[in-house]
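**Student:** following is a predicted model, sequence given first.
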Amino acid sequence: MAPYVAFRNAAGMLLSLTLGVASHAAFGGAAASLGALFASYSDGNDPYRHRALRMVAASATIAFAAFVGGTSGQWKFGAGVIAAVAAFVAGLVVAFGQTAADIGMVSLVMLTIFGGQRFTPMSLLVAASLALFGGLVQAALSVALWPVRRYEPERRALAALYLELGRIAQEPILAGAAPPATVHTTRARDALRSLRQDRGDESLRYQALLNQGERARLCVITLLRMRADLNQNAEAGKERESLARFLNAVGRALATIGESLLSSTAKEPLHKQLASLNQLIEELRSRAVHDPRSQEAVNRKDTLFQMDALAAQLRAAEGLLTGPAPPGEVPVGEPSLLETWRLNAQSAIATLRANLDFRSTVFRHAVRLAICVAIASGVARATGWHRAYWIPVTVVIVLRPDFAGTFARGLQRIAGTIAGVLVASAQIHLLPQTFPVQATLIGICVFLLRWLGPANYGFFAMGVTSAIVLMLALTGSEPTFLIQARVLDTLLGGILALLAYALWPTREPVEHALAELLAAYREYFSAVTQRYLQNQMDGALTDEKRLATRMARSNLEASLERFAAEPTTEARRLEPVRSMMVSSHRLAHAIMTLEAVETECTATPATPELQRFVADVQATLAILERMLRGRMIAIPEMPDLRNDFRLLVQAADPCFYPHTLATIEGDTIVNSVNTLREQILRWREQEIAS
């Protein structure tokens, strides 16, 4: 709920409406205000560059859809055919993310509305231009403060990351939970992605702060895992206490950095907090260890390495808060805009090809949406009812790829529409029918739907219904007929969408999302272990693979939520997937710790035992991935990872020998992969039996 965004969207809507009415063009006020309303759905608080590009793209797409819809409406069956094709395309673009899905939906709604109007060629061109103008007005208001608050969204994203890191540093870590601060790290990366081509001091400073935050996250997670291990050792009381004090101090320092990014002030000076960190490190270092090869000595060495690294990262962040990024702090060799476009284009084509298959949830949604829009358009034309295009519009808005989204939206849409027409009726009959009064009421409705709508779709439906009824009343339509048509058409469209999903439900292929996660972990493990195999690690590649695991994990979590909401999902099918996800989290923790720990590997080439262990882990994950995708009929004999790891430790490998943190995490990797193997084999047996 963002009242400031809602206020500027309402202002943009009123400005567009006023200018559209002043143009005296047919449907001009409605066209401009609809363009502004639908473009406002792309507004937000993200970085200005992202926001501007998204809103301009949305405005252009909406205007083009209006022109195509108005053109198709001139033929008897043209509107239905074009709407069905557009619905299929809008359904497919769901595969490219929520932003593309939202733009596709509002463009399809605009096409359907304009398809129900009658235009001359010139009036259609003017109306589509006014729709574009309304969208651009919203975009201009959204980025109006860009020159004076240039990096405000990026700074907020960074502050959120550091504040979250400060919070988790003072809390226990759960091995079965997803790696902490994943969402905040991803949001910060996304927010700062647009700064790659900006070489100004402030831009470089924020990019360097993100790098330090990423590295600090790895160290914090590693120290939290060390503290969890010490909690199981009754003889490590002093060490456990020192580490707990250090992590509490780190949490306060990270929170101070976050507060400084938000307000340029902090409750406590950061340099004093860093001095206390150094004091705690020296206190732990000064304690005598009788046997340098003992478990206590090895553990302390690993702990001190992580503490030193984290303290250095915090000192670097302190310097970056007030000064520019030091030379070499920001990664070089970022892709150019042209290279980025080429990569994205290739990725889009690959995504499209992957979803042109009936096994794809997205493809089935696109087909279902196209059929329903075609039927709804046919019903609208056959009945000849007033404003019957609201029937396909309701289908477009209600029908979603998932069960929960469709039925929640459908019921809330119907309830919100009824409430909205009651509100609009009261406004029309009780208040003067002058333009200033009606425009003010429309502005209030837009503010409410943009303020409360993101929290509950029922409020959104109520606000948008009231706004559109009042908006169309300005065109000279009889309000009573508008209200009756709105209720009846919404009921018909909502029932059609709900019936279509009930007859053809979508089974969420959650096992494919889990396979994608295992593939991402396999590639991340491969990137991290290059340091152990070749005594070197490609930092940029490792960052890329770690980011890919975050994305795959987010996709799996979303897929699992949709899977759980499906009416055909049974508990016996849901619980195994949740258990597999927990096991995968333990694997993620272990690989991240391997990336963060100190190594003294000098063997070139690596020992045969280490090479075999790494290769067998990758092979096992690849086999499990293919099993989840259903590409394997006979189950091959899998490597014995436990025996591989035992031979590795016995071989006195310079990386993996008793008591080291790398050895502890290697054991965790073996345990989690073997657990995943058992869970997936059991799941496969259940699927075959059913």
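**Tutor:** Perfect, I can see it now.

**Student:** retrieve the pLDDT associated with the spatially most central residue of the chain.
**Tutor:** Within the chain, one residue has its C-alpha closest to the average C-alpha position: by C-alpha atoms, centre = their mean, that is residue 554, at 7.1 Å. According to the prediction, residue 554 has pLDDT 79.

**Student:** pull out the buried positions in stretch 382-391.
**Tutor:** 385, 387-391 (16 or more other C-beta atoms under 10 Å). (Each C-beta comes from the backbone N, C-alpha and C, glycine too.)

**Student:** that older thread, what helices or strands is the helix or strand hosting the residue nearest to the centre of the chain leaning on?
**Tutor:** Using DSSP states H and E, residue 554 sits in helix 539-565. When contacts are defined as 3 or more C-beta pairs under 8 Å, 6 or more residues apart in numbering; DSSP states H and E, helix 539-565 packs onto helix 182-192, helix 403-430, helix 510-534, helix 571-596.

**Student:** please identify the deepest-packed of these.
**Tutor:** The highest average neighbour count among these, using mean count of other C-beta atoms under 10 Å, belongs to helix 510-534 at a mean of 22.

**Student:** any buried residues in the helix holding residue 554, and which?
**Tutor:** 542-543, 545-550, 552-556, 559-560, 562-565.

**Student:** stretch 4-22 now?
**Tutor:** Neighbour count says stretch 4-22 has 5-21 buried, by 16+ other C-beta under 10 Å.

**Student:** distance of residue 73 relative to residue 132?
**Tutor:** Plainly put, residue 73 is 19 Å away from residue 132 if you go by C-beta to C-beta, to the nearest Å.

**Student:** over to residue 396?
**Tutor:** Applying C-beta to C-beta to residue 396 and residue 132 gives a distance of 21 Å.

**Student:** so for the two, which sits in the more crowded spot?
**Tutor:** The neighbour comparison of residue 396 against residue 132 (other C-beta atoms under 10 Å) goes to residue 396, with 26 against 23.

**Student:** which helix or which strand is home to the more buried one?
**Tutor:** Assessed by DSSP H and E, residue 396 sits inside helix 390-398.

**Student:** next, count neighbours for residue 358.
**Tutor:** The number of residues near residue 358, taken as other C-beta under 10 Å, comes to 7.

**Student:** so it touches residue 364, yeah?
**Tutor:** Yes - between residue 358 and residue 364 there is a contact at 6.4 Å, judged by C-beta atoms under 8 Å.

**Student:** out of the buried residues of stretch 4-22, which are inside helices?
**Tutor:** Among those, DSSP state H puts 5-21 in helices.

**Student:** where do the helices sit along the stretch 51-200 of the chain?
**Tutor:** Here the stretch 51-200 of the chain has its helices, by DSSP state H, counting those that start in this stretch, at 78-92, 98-115, 121-142, 152-168, 182-192.

**Student:** how many degrees apart are the third one and helix 98-115 in direction?
**Tutor:** The directions of helix 121-142 and helix 98-115 differ by 150 degrees, with axes from the mean of the first three to the mean of the last three C-alpha atoms, to 10 degrees as the criterion.

**Student:** tell me which other helices or strands helix 121-142 touches.
**Tutor:** Applying 3+ C-beta pairs under 8 Å, 6+ apart, we find helix 121-142 packed against helix 3-22, helix 28-40, helix 48-72, helix 98-115.

**Student:** ditto for the last one
**Tutor:** Based on contacts counted as 3+ C-beta pairs under 8 Å, 6+ apart, the elements that helix 182-192 packs against are helix 152-168, helix 201-230, helix 539-565.

**Student:** next, format those helices as TSV and append distance to residue 280.
**Tutor:** TSV is the format used below for those (distance: least, C-beta to C-beta, whole Å):
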stretch	distance to residue 280
helix 152-168	16
helix 201-230	12
helix 539-565	28
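
**Student:** so which of these gets nearest residue 670?
**Tutor:** Across the helices and strands packed on helix 182-192, residue 670 has its closest neighbour in helix 201-230 (16.1 Å, C-beta to C-beta).

**Student:** coming back round to it: out of the helices and strands packed on helix 539-565, name the one with the poorest average pLDDT.
**Tutor:** Across the helices and strands packed on helix 539-565, the stretch with the lowest average pLDDT is helix 403-430; it has a mean of 78.

**Student:** now the element after that helix, going C-ward?
**Tutor:** With elements assigned by DSSP H and E, the helix or strand that comes after helix 403-430 is helix 435-452.

**Student:** average model confidence for whatever helix or strand comes next after that following helix?
**Tutor:** Heading C-terminal from helix 435-452, the first helix or strand you meet, by DSSP H and E, is helix 457-473. For helix 457-473, mean pLDDT is 81.

**Student:** same for helix 457-473, what does it pack against?
**Tutor:** When contacts are defined as 3+ C-beta pairs under 8 Å, 6+ apart, helix 457-473 packs onto helix 28-40, helix 403-430, helix 435-452, helix 479-503.

**Student:** got CSV for these, with distance to residue 66 too?
**Tutor:** CSV is the format used below for the helices and strands packed on helix 457-473 (distance: least, C-beta to C-beta, whole Å):
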stretch, distance to residue 66
helix 28-40, 7
helix 403-430, 22
helix 435-452, 19
helix 479-503, 20
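
**Student:** ok, which of the ones you listed comes nearest residue 99?
**Tutor:** Closest to residue 99 of these, according to C-beta to C-beta: helix 28-40, at 12.8 Å.

**Student:** for the closest one, the distance to its chain's centre please.
**Tutor:** 28 Å (C-alpha atoms, centre = their mean, to the nearest Å).

**Student:** which elements pack onto that helix?
**Tutor:** Applying 3+ C-beta pairs under 8 Å, 6+ apart, one finds that helix 28-40 makes contact with helix 3-22, helix 48-72, helix 98-115, helix 121-142, helix 435-452, helix 457-473.
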